[in-house]
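Visitor: Build me a model from this:
(2 chains)
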Amino acid sequence: MRKAMVLFACLFAGTVWASEQAGGHGLANEDKDAEGEDVAGYILHHVADSNEYEFEVPLSHNHIPIHLPRILIPFHDGACTPVADTHGGHGEVVPGLGAGCLDLSITKHTVMMWLAALLLIGSLLIWSNRDKTKLVPRGAGANLFEMLVLFVRDELAIKNIGKEEGPRYVPYLLTAFFFILFMNLLGLFPWMATATGNIAVTCGLALCTFFVTQVAGIRAAGIGGYLKHLTGGVAPWLWPIMIPVEVLGLFTKPFALTIRLFANMLAGHIVIFFLLGLIFMLRNPAVALVSVPFAFGIYLLELFVAFVQAYVFTMLSALFIGMSVAMGHHHDDHHETGASHDHGKAHHLG
Amino acid sequence: MFLPSVLAASSFVEVRPGLIFWTIVTFVIVLLVLRAKAWGPILSLVEEREKQITNAIESAKRERAEAEKLLADQKTAIAEARREAAESTRRVQADMEKFRDELMAKSRKEAEELKLSARREIEDQKAKAIAEVRSMAVDLAMEVAGKLINERMDDSKHRALAEQFVQGLPSATSATATRRSA
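Guide: Reported below is the predicted structural model:
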């Protein structure tokens, strides 16, 4: 208790001193802005994707850039010729898909994603090569892993999709959960980046869930039932209103998945960087007394968020799949006897 | 403010189609590899374990029920045996009682009969003895009388006389009684 109080007093004194120092130095506003822009630029550069991986040498200002391979597929001749950046940036950029150029370049986040995938596959292969005659898991790692697997199977798949159809989607949900978890956690290591903090990555993952959801709906209701469901079950003269609404509804789900995961993963990192950046913006090492503990707290929170966001993504995927599966049961009432509770829940939430 | 300009220049809100492509490709590969190599074995392992645990619990329940049934059976068997033993003891005792009574009755009857026949024998012997004594008394009297009347008495006439005399004597018992009273 006394220790905590002393620590708190130190932090408070540090903050006061830091602000007085900043005032005392009488920094000009433009100077502050310039400093801020510098830090912000650094942070946004750091969390953004890029065509090169910069290895930051510890305790020095050196960056060793590793250029990653660029793969450009032009749809017509000269479509991928770099043009001047129109967004006020410097240098040249490759035209986008609209201009007829598909940029399949390997980027920093692609590398991080592949690293996470390799780590995931590697650790799971090591796990599955253990002695299979022993049914009981040994050690903290094996127990935690099995706990997560069983959680995804029982609490996410079976509860949201139902007892009969649920097991079919367990491999998908498990892969989504662990892949996202590994990408989230990888970003918390030094020199690494968070692939899930990139909107394209989360968009790709959400598209996978979107695809699985539609396939589940067609499997459950048949192609006719699936299309019928898109009309919302209303009178035909209302279809021109209903169909766009339902189609929009189809796309808002993956959109929500995309934004939620991306924003959560990005925000935590930006907050950590800004807390640390305060030291440089205020040009005072004493700020570290405040910002380092805070950044450490946010870091721990990030560790938690890494699990929570993997869980949320998987849970929502299971929920969407469950809603699609339940769709089939509306047109086919005698199926509903056994699993009506599970589907009922999914439908209410929908 | 500096932020909007930085945001505009930054590439983190830009959606790169290439990265979406790589994400989907990577995800599908990871999914296929893990489904073949990891999820199948892990899930079957977990299911196997669940099955074993369920079986173990089931068989434990079954064995317990069997043991309880056996115990109940044995208890009833013991009670039955005890009841039978008591019953047979009781029956043996009753038999013994009956047998003893019969034996007693029989022996009593035999003794009675023996006593009766002995008495009859005694009566017979007594009657025989009395008759003998009587005839001896007649002979004795006749001899005495003959000797007394010079041995001349007509045998049949005198015998009738003597018998008449003997008949006039009191009977054996009354004779003893008179003798005693005298």
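Visitor: What mean pLDDT does stretch A:190-209 get?
Guide: The pLDDT scores in stretch A:190-209 average 91.
Visitor: Tell me the gap between the lengthiest helix in chain B and the middle of its chain.
Guide: Taking DSSP state H as the criterion, chain B has its longest helix at helix B:40-148. Distance, stretch centre to chain centre, for helix B:40-148: 10 Å (Cα atoms, centre = their mean, to the nearest Å).
Visitor: So which elements touch it?
Guide: helix A:108-128, helix A:139-150, helix A:166-186, helix B:155-168 (3 or more Cβ pairs under 8 Å, 6 or more residues apart in numbering or on different chains; DSSP states H and E). Every residue, glycine included, has its C-beta placed from N, CA and C.
Visitor: Dump those helices to a markdown table, plus distance to residue A:263 and mean neighbour count.
Guide: Formatted as a markdown table, the helices and strands packed on helix B:40-148 follow (distance: least, Cβ to Cβ, whole Å; neighbours: other Cβ atoms under 10 Å in any protein chain shown):
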| stretch | distance to residue A:263 | mean neighbour count |
| --- | --- | --- |
| helix A:108-128 | 16 | 19 |
| helix A:139-150 | 24 | 13 |
| helix A:166-186 | 13 | 23 |
| helix B:155-168 | 165 | 12 |
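Visitor: Could you say which one of those comes nearest to residue A:260?
Guide: helix A:166-186 (11.4 Å; Cβ to Cβ).
Visitor: other SSEs contacting that closest one?
Guide: When contacts are defined as 3+ Cβ pairs under 8 Å, 6+ apart, helix A:166-186 sits against helix A:108-128, helix A:139-150, helix A:159-161, helix A:199-230, helix A:288-330, helix B:17-34, helix B:40-148.
Visitor: what about residue A:273, distance to residue A:44?
Guide: 9 Å (Cβ to Cβ, to the nearest Å).
Visitor: quick revisit: nearest to residue A:178, out of the helices and strands packed on helix A:166-186?
Guide: Nearest of the helices and strands packed on helix A:166-186 to residue A:178, taken as Cβ to Cβ: helix A:108-128 at 5.6 Å.
Visitor: Quick one: distance of the closest one to the chain centre.
Guide: Distance, centroid of helix A:108-128 to centroid of chain: 16 Å (Cα atoms, centre = their mean).
Visitor: pLDDT of that helix, averaged?
Guide: The average pLDDT for helix A:108-128 rounds to 90.
Visitor: Would you mind getting the angle between it and helix B:40-148?
Guide: Relative orientation of helix A:108-128 versus helix B:40-148 (axes from the mean of the first three to the mean of the last three Cα atoms, to 10 degrees): 20 degrees.
Visitor: So helix A:108-128, near chain B or not?
Guide: Yes: with Cβ under 8 Å from any Cβ of the partner chain as the measure, helix A:108-128 is seen reaching chain B through A:109-110, A:113-114, A:117, A:120-121, A:124-125, A:127-128.
Visitor: Reformat those as a markdown table; add distance to residue B:140.
Guide: Listed next are the residues of helix A:108-128 next to chain B as a markdown table, based on distance: Cβ to Cβ, whole Å:
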| residue | distance to residue B:140 |
| --- | --- |
| A:109 | 171 |
| A:110 | 171 |
| A:113 | 166 |
| A:114 | 166 |
| A:117 | 161 |
| A:120 | 156 |
| A:121 | 156 |
| A:124 | 150 |
| A:125 | 151 |
| A:127 | 146 |
| A:128 | 145 |
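Visitor: Among these, which one lies nearest to residue A:265?
Guide: Minimum distance to residue A:265 across the residues of helix A:108-128 next to chain B is 11.2 Å, recorded for residue A:109 (Cβ to Cβ).
Visitor: shouldn't the closest one be in contact with residue B:19?
Guide: Yes: here residue A:109 reaches residue B:19: they are 6.3 Å apart, a contact under Cβ atoms under 8 Å.
Visitor: Spell out which residues are contacts of both of the two.
Guide: Here residue A:109 and residue B:19 share the contacting residues A:49, A:198, A:200-201, scored by Cβ atoms under 8 Å, 6 or more residues apart in numbering or on different chains.
Visitor: restrict these to contacts with chain B.
Guide: Counting by Cβ under 8 Å from any Cβ, A:49, A:198, A:200-201 from these sit close to chain B.
Visitor: Tell me the one of these nearest chain B?
Guide: Using Cβ to the nearest Cβ, residue A:200 is the member of those that lies nearest chain B, at 3.6 Å.
Visitor: residues near the closest one, how many?
Guide: Neighbourhood size, residue A:200 [other Cβ atoms under 10 Å in any protein chain shown]: 25.
Visitor: Can you name the residues that contact the closest residue to it other than its chain neighbours?
Guide: Using Cβ to Cβ, 6 or more residues apart in numbering or on different chains and skipping the chain neighbours, the partner closest in space to residue A:200 is residue B:19 (3.6 Å). When contacts are counted by Cβ under 8 Å, 6+ apart, residue B:19 is found next to A:49, A:107, A:109-110, A:198, A:200-201, A:204.
Visitor: from chain A, which residue is nearest to chain B?
Guide: residue A:204 (2.8 Å).
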